[in-house]
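Visitor: The amino acid sequence is not available; the structure is as follows:
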């Protein structure tokens, strides 16, 4: 470890200021009583109380949460299965190359391409089956499609670090494959699965583009609502809403990180 | 009885069971990714050569009309608009990446110089803003740059913008928005590289009376290049296709590829042309990544 010079320190603190200044600005204006203009009109919380009486906003909040929770649950299960399948079962060279390609697809493609591809896929499926009307279900499908790869990559990297001998010991004791998974692999893998789920949840909350393209008229999420209202003109309610979302995101993600760190510690203690 | 039993990692199984097990684990996830990401991406290529019907539907007559349109030819002759949008997207993505790299160096050295105890806190402090949705972060810049607030006042004092106007829409505003969207993508890989830095080389350079600039380029830059290259890839890919930031901070006349695509799938309802633009974006991204990747590899040698 080395000390950083004053110039580096100053620059770094400047960058931190650049990241936090906008967020702070929104938070300050969210408690500003003056409705129009950007002058200070005294402290108020009335914009926040207005939020809770706005049906559109409450509905958008509900949609955001449903989308994040359901897509995270599905993608965590499927992604973990893919990770176990890819890491612990033998694969041919060709098959593993295809697999690798599919898993890395979301990392190397701009998300707007996926959004467009999803729109076309849902369009084709709609023409074929009459289902897949754009709405919350299509948004969930879209989110899961890019979350799976991130969960699988996260879980797989943890799985690589777990040695095979405990699994072999379980088989020596006549455990069935399912029993071995349930008593050996999954408990050891819990921190990895938590980390994968936390990542998937964050990705879903952070996404705007895929939701924007695949949403229907009744499935507005908070980011879509804010984006639309910026085009209509900025209001103090939007400042309050943004501050709320910022605050809740930070709480949610911190909680997930804490849970994931705790489960990691527990596993480390159990295996030590 | 001819049961074909093999031992796989301490377990007695038949190949049939093994096959079923593989299918069970991989099929649901891989089928999901294939059906909703991989195959639709391939389908984009087919749609790109179809036509827009008169009601905005896709008409399955194939021609290279959309490709010609992308290159700028239409009923009224040739215009450079679409090519200009492509070039501008590449330019903005490159500028944002360079800015991210430049700002990440002090950040990485600062983080690496924190004592082990507080480093985690600083790291979290760096990541917190990025957990917030991009739309909100971009919207926040609209407020910072609003008329009558210090930033806009200072710029109008310098004569860069008229009095009482906001500091957006403008190209630098887009750069700022992009940088605050992608900074950790460079800062974190770079921090990993800086942490492993061999300081003996830096000291050797200083002992040989190299100035700071020279020391950076000969002793630090080559050692941290792998981190820079990872960060550049992670930034370039989303920056090329970005449409939220240019839409909110760049104004209606400042279009990037992302905005053009959004327009085709939104108000214009021309999916085939939108698909063609998407393919152009994909090609441009791949080409840029290949050049950046090769540069990184070549220099690392």
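Guide: Sure, I can see it. Here the structure is a predicted model, which is why all the values come from computation and not from measurement.
Visitor: Count the residues that sit near residue A:132.
Guide: A count of nearby residues for residue A:132, using other Cβ atoms under 10 Å in any protein chain shown, gives 18. C-beta coordinates here come from the backbone N, C-alpha and C atoms, glycine included.
Visitor: Can you tell me the SS state at it?
Guide: For residue A:132, the assignment made with DSSP: H, G, I helix; E, B strand; the rest coil gives coil.
Visitor: any idea of the pLDDT on it?
Guide: With respect to pLDDT, residue A:132 scores 84.
Visitor: what do you get for residue B:185?
Guide: 90.
Visitor: With chain A as the reference, measure out to it.
Guide: 11 Å (Cβ to the nearest Cβ, to the nearest Å).
Visitor: Isn't that residue up against residue B:239?
Guide: No - applying Cβ atoms under 8 Å, one finds residue B:185 not in contact with residue B:239, separated by 9.3 Å.
Visitor: And these two? Which one has more around it.
Guide: Taking other Cβ under 10 Å, residue B:185 and residue B:239 do not tie; residue B:239 has more neighbours (29 against 23).
Visitor: quick one: the helices in the stretch 201-301 of chain B?
Guide: Ranges of helices in the stretch 201-301 of chain B, per DSSP state H, counting those that start in this stretch, are B:212-215, B:221-241, B:244-245, B:257-265, B:271-300.
Visitor: Ok, the stretch 1-150 of chain A next?
Guide: Counting by DSSP H, counting those that start in this stretch, the helices of the stretch 1-150 of chain A are A:6-30, A:46-51, A:55-88, A:93-108, A:111-129, A:136-161.
Visitor: got a markdown table for these, with distance to residue B:219 too?
Guide: Shown next, in a markdown table, are the helices of the stretch 1-150 of chain A (distance: least, Cβ to Cβ, whole Å):
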| stretch | distance to residue B:219 |
| --- | --- |
| helix A:6-30 | 15 |
| helix A:46-51 | 53 |
| helix A:55-88 | 39 |
| helix A:93-108 | 31 |
| helix A:111-129 | 37 |
| helix A:136-161 | 32 |
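Visitor: and the ones you listed, which is most packed in?
Guide: With neighbours defined as mean count of other Cβ atoms under 10 Å in any protein chain shown, the helices of the stretch 1-150 of chain A peak in mean count at helix A:136-161, which reaches a mean of 23.
Visitor: which secondary structure elements does it contact?
Guide: The helices and strands touching helix A:136-161, judged by 3 or more Cβ pairs under 8 Å, 6 or more residues apart in numbering or on different chains; DSSP states H and E, are helix A:55-88, helix A:93-108, helix A:111-129, helix A:186-206, helix A:209-214, helix B:15-33.
Visitor: so, in contact with chain B or not, the first one?
Guide: Read that as helix A:55-88. Yes - using Cβ under 8 Å from any Cβ of the partner chain, helix A:55-88 reaches chain B at A:78, A:79, A:81, A:82, A:84, A:85, A:86.
Visitor: List the contacts of the third one.
Guide: Spelled out, it's residue A:81. B:24, B:25, B:26, B:28, B:29 (Cβ atoms under 8 Å, 6 or more residues apart in numbering or on different chains).
Visitor: ok, now the fifth one?
Guide: Listed by Cβ under 8 Å, 6+ apart, the contact partners of residue A:84 are A:155, A:159, A:181, A:185, B:25.
Visitor: To residue A:73, which of the helices of the stretch 201-301 of chain B lies closest?
Guide: Ranking the helices of the stretch 201-301 of chain B by proximity to residue A:73 (Cβ to Cβ) places helix B:221-241 first, at 25.7 Å.
Visitor: wait, does that closest one contact chain A?
Guide: Yes - remark: helix B:221-241 sits within contact range of chain A at B:233, B:237, B:238, B:240, B:241, by Cβ under 8 Å from any Cβ.
Visitor: Among those residues, find me the one that's closest to residue B:119.
Guide: residue B:233 (25.2 Å).
Visitor: residues near the residue in the stretch 151-300 of chain B positioned nearest to chain A, how many?
Guide: Residue nearest to chain A within the stretch 151-300 of chain B: residue B:241 (2.7 Å; Cβ to the nearest Cβ). When neighbours are defined as other Cβ under 10 Å, residue B:241 has 27 of them.
Visitor: Number of residues surrounding residue 134?
Guide: All of this is about chain A. If you count neighbours by other Cβ under 10 Å, residue A:134 ends up with 19.
Visitor: Oops, wrong one, chain B.
Guide: 23.
Visitor: Check the offset of stretch A:214-228 from the chain's centre.
Guide: With Cα atoms, centre = their mean, to the nearest Å as the basis, stretch A:214-228 stands 17 Å off its chain's centre.
Visitor: same question but for stretch B:217-227, I mixed them up
Guide: On Cα atoms, centre = their mean, the centre of stretch B:217-227 falls 22 Å from that of its chain.
Visitor: Name the nearest residue to residue B:147, ignoring sequence neighbours.
Guide: In space, and not counting its chain neighbours, residue B:147 is closest to residue B:166: 4.8 Å by Cβ to Cβ, 6 or more residues apart in numbering or on different chains.
Visitor: Surely that neighbour touches residue B:151?
Guide: No - the pair residue B:166 / residue B:151 is not scored as a contact, 9.1 Å apart, by Cβ under 8 Å.
Visitor: Now the common contact residues for these two.
Guide: Contacts common to residue B:166 and residue B:151, judged by Cβ under 8 Å, 6+ apart, are residue B:145.
Visitor: Who are the contact partners of residue 136?
Guide: In the absence of a named chain, this looks at chain A. A:63, A:66, A:67, A:216, A:218, A:219.
Visitor: um, chain B though
Guide: A:26, A:223, A:226, A:242, A:245, A:246.
Visitor: Which of the residues you listed fall in helices?
Guide: Per DSSP state H, helices hold the following members of the contacts of residue B:136: A:26, A:223, A:226, A:242, A:245, A:246.
Visitor: is it true that residue B:65 touches residue B:50?
Guide: No - if you go by Cβ under 8 Å, residue B:65 and residue B:50 don't touch, sitting 9.5 Å apart.
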